[in-house]
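Student: below is the sequence, then the predicted model.
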Amino acid sequence: MDPNATDVPVPGLQIKSTTSQKLDTTWLTALVALLILAITTRFISGLLGPSKSAHDGSKSVPMIPYWIPIIGHIPQFSFAPQDLLSKARDTYRSGVFALNLGSTTHNIVFSPSMGGSLMNQKHSIANMDSVGKHVMTAVFGFPKSKASMQRYDASLSGLNTCYKHLISESSLKNMVQNTIDVTKRNIANLVTFSESRVDQVEWERTSNAETNTKPDGELVVEASMMPLIRDFIAANANPSLIGSDFVNNNPDFFQDLWDVDRGFKWLATGLPAWLPIPQVWKAKIARNRAFDQILKFEEAMERRANGEDPGQEWQDLDNVGPVLTERLTLYRQLRFTMNERAALELSLLWAMNANANMLVFWMLNHIYADKDVLARLREEIAPFVHAFQPKQTLKMPEPPRIDTFDHEALTSKCPLLKSCYIESLRLDAAPWSFRVMQEDLVLPASKEKDAERFLLKKGTYAHIAHSVHHTDPAYFDDPQAWRADRHIKHERGDDEVSVNMGTIRPYGGGHSMCKGRAFAQKEALVFAAAFISMWDMEPADGAPWKLPRYKPATGVYSTNDDIRVWISRRKGLPEV
Ligand code: HEM
């Protein structure tokens, strides 16, 4: 062995090994420091977290321990919210717990009675004004100037009054009847069996519909179920709100609206469009396009109100629904600019479509997946939705039709259909209501006499997490299972049944409660009934029905899964 090889060190190698040793030590020290910090934070937050009693008998809201100072629960809440919330629900059985999100306290309320009292608190005690304004400007493009914000504040009570038309009997009836009339005309064309895209209807184009032949030789249309249902409903329900001209003049409007919905949380961050974040600029481009289309509508409405010709494309503005007609009067009284009007209308159109259309998509998924439920529903609704095959008198057979459509009876005489609607609201949606606490407030955890009372502190945030309650096994047996008849309660004997929401609160509550809930229920029952009366649906290629996976959205879940279905005319309709 050469003695020099071991005795004389190579300088370069020696330096290298010292640097990497130093780096190793630095990393190790940093890692150990972080570990100690995390363990200390976990220990202290675990110590401070549990509920403490105050002298008036109330308790502080227990906070879940966390590992990272300042950031708190942000990582778990961002990446696995359902896991975090379900585990917390099973631990804090009183119905409320708190999270630390970036050093702000967020009380998560899932006790139905506590959530109910919180939502019904006076505006001066708990409200969501600041969030509402932020969403209006950041998501829907309401101008941020001081004058615009003053006009916005001045309009709030008037805007609320306009919503009576979505709830009051006569206007609601007209809107529902308008929706039924349009749907009766179009449901036979859900799919047209046209090979050429030019001859297809718009909801077929967006769902990539194409004709196909089943192994047994039957001709079917294969289409992507989600866009088919969602876009059919959009085209058929919105004329009752904004009139037929807007819907006909802007066939691509709803594609932009879906992009706004997909990018909702990105728009809400308020990040500028020039940042290299595709979700932000995509959502902004879609928002601006949708906004401009509404702007043209607003200008036409204004011209018409001034006695001028609104333009060739706007000759049917007299069928614009009562909510928007009354809003126009308010806008004119308060001297709203066109941009302010367009932003408010965009937010209403989003609210009208973002949840209800997807709800029907989920309902239909569950219904078509279970042949027994489908058959029972068809039997239940048959006396009220009369679908038939016209007798062939001409050379070509006529497509099936619906002649009578009794929407009152769908609500009052079809318990299974109504129960399916409630079951989808329970399971296929994750709605939240949000409040900023303006005052300290002590609320009992339940209606029981000696219930624990919790203090929600001024300056903290409160979330009424309806979905955490909707999937609580203490209230709903086997909560993750969708059961068609879960909400049917037999009253006296087997004959009298009632179907109601019970403790389910998909529409929030209090002053910010969903203003479209009455219309949403009607349209969900109407569209579900129209689809199942006229069409058969099965997974393409004869595969078993597989439910799409949920993708969190603002209320009712969305999905990224492309569910291709074979659609054919319903067999066995009576010939008339
Ligand atoms: C299944 C369908 C729907 C669901 C699950 C739903 C759910 C909700 C929820 C959770 C809120 C917030 C409540 C709160 O903060 O406590 C809300 C607000 C609202 N919804 Fe709906 N909604 C649906 C359909 C509709 C429809 C069809 C319309 C319009 C025709 C509509 C119009 C509104 C409006 C205007 C608000 C804002 C209320 C306010 O801040 O004053 N919604 N909705």
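Tutor: Looks like it came in fine.

Student: neighbours of the nearest residue in space to residue 358 that is not next to it in sequence, how many?
Tutor: Distance criterion Cβ to Cβ, 6 or more residues apart in numbering; nearest residue to residue 358, sequence neighbours excluded, is residue 556 at 4.4 Å. The C-beta positions use only the backbone N, C-alpha and C, and glycine is treated the same way. Residue crowding around residue 556 was assessed by other Cβ atoms under 10 Å; the count is 23.

Student: cool, the one 3 residues further on as well?
Tutor: Residues lying near residue 559 (other Cβ under 10 Å) number 19.

Student: and it, how far from the ligand?
Tutor: Plainly put, residue 559 is 16 Å away from the ligand if you go by Cβ to the nearest ligand atom, to the nearest Å.

Student: these two touch, right, that residue and residue 548?
Tutor: Yes. Counting by Cβ atoms under 8 Å, residue 548 is a contact partner of residue 559 at 4.0 Å.

Student: any shared contact partners between the two?
Tutor: Common contact partners of residue 559 and residue 548 (Cβ atoms under 8 Å, 6 or more residues apart in numbering): residue 226.

Student: quick check: the residue nearest to residue 358 vs the ligand, distance?
Tutor: Taking Cβ to the nearest ligand atom, one finds residue 556 at 6 Å from the ligand.

Student: tell me the pLDDT at that residue?
Tutor: pLDDT recorded at residue 556 is 97.

Student: right, and it touches residue 427 too?
Tutor: No. Applying Cβ under 8 Å, one finds residue 556 not in contact with residue 427, separated by 10.4 Å.

Student: helix, strand or coil: sort out residue 108 for me.
Tutor: Put simply, residue 108 is strand when judged by DSSP: H, G, I helix; E, B strand; the rest coil.

Student: distance check, it against residue 459.
Tutor: Noted for residue 108: a distance of 17 Å to residue 459, by Cβ to Cβ, to the nearest Å.

Student: which one's more surrounded, these two?
Tutor: Neighbour count, other Cβ under 10 Å: between residue 108 and residue 459, residue 108 has more, with 24 against 11.

Student: report whether stretch 242-261 contacts the ligand.
Tutor: No. Stretch 242-261 lies out of reach of the ligand by Cβ under 6 Å from any ligand atom, never closer than 10.5 Å.

Student: flag every buried residue along that stretch.
Tutor: The neighbour-count check on stretch 242-261 (16 or more other Cβ atoms under 10 Å) flags 242-247, 249-250, 253-261 as buried.

Student: let's see which of those end up in helices.
Tutor: With helices defined by DSSP state H, the entries of those inside them are 242, 244-247, 249, 253-261.

Student: and those residues, which is closest to residue 172?
Tutor: Closest approach between those and residue 172, by Cβ to Cβ: residue 242, at 16.1 Å.

Student: how close does that closest one get to the ligand?
Tutor: The gap separating residue 242 from the ligand is 11 Å, by Cβ to the nearest ligand atom.

Student: residues contacting that residue?
Tutor: With Cβ under 8 Å, 6+ apart, residue 242 has these contacts: 297, 320, 321, 324, 345, 349.

Student: so which of those also contact the ligand?
Tutor: Okay, of those, nothing touches the ligand (Cβ under 6 Å from any ligand atom).

Student: what residues does the stretch 151-300 of the chain have near the ligand?
Tutor: residue 166.

Student: and the residue of the stretch 151-300 of the chain nearest the ligand?
Tutor: Closest approach between the stretch 151-300 of the chain and the ligand, counting by Cβ to the nearest ligand atom: residue 166, at 5.3 Å.

Student: counting by contacts, list what the helix or strand containing that residue packs against.
Tutor: Taking DSSP states H and E as the criterion, residue 166 maps to helix 164-167. Applying 3 or more Cβ pairs under 8 Å, 6 or more residues apart in numbering; DSSP states H and E, one finds that helix 164-167 contacts helix 169-186, helix 322-333, helix 517-534.

Student: among those helices, which is nearest residue 125?
Tutor: Residue 125 lies closest to helix 517-534 among the helices and strands packed on helix 164-167, at 23.6 Å (Cβ to Cβ).

Student: and the closest one with the ligand, contact?
Tutor: Yes. Using Cβ under 6 Å from any ligand atom, helix 517-534 comes into contact with the ligand via 519, 520.
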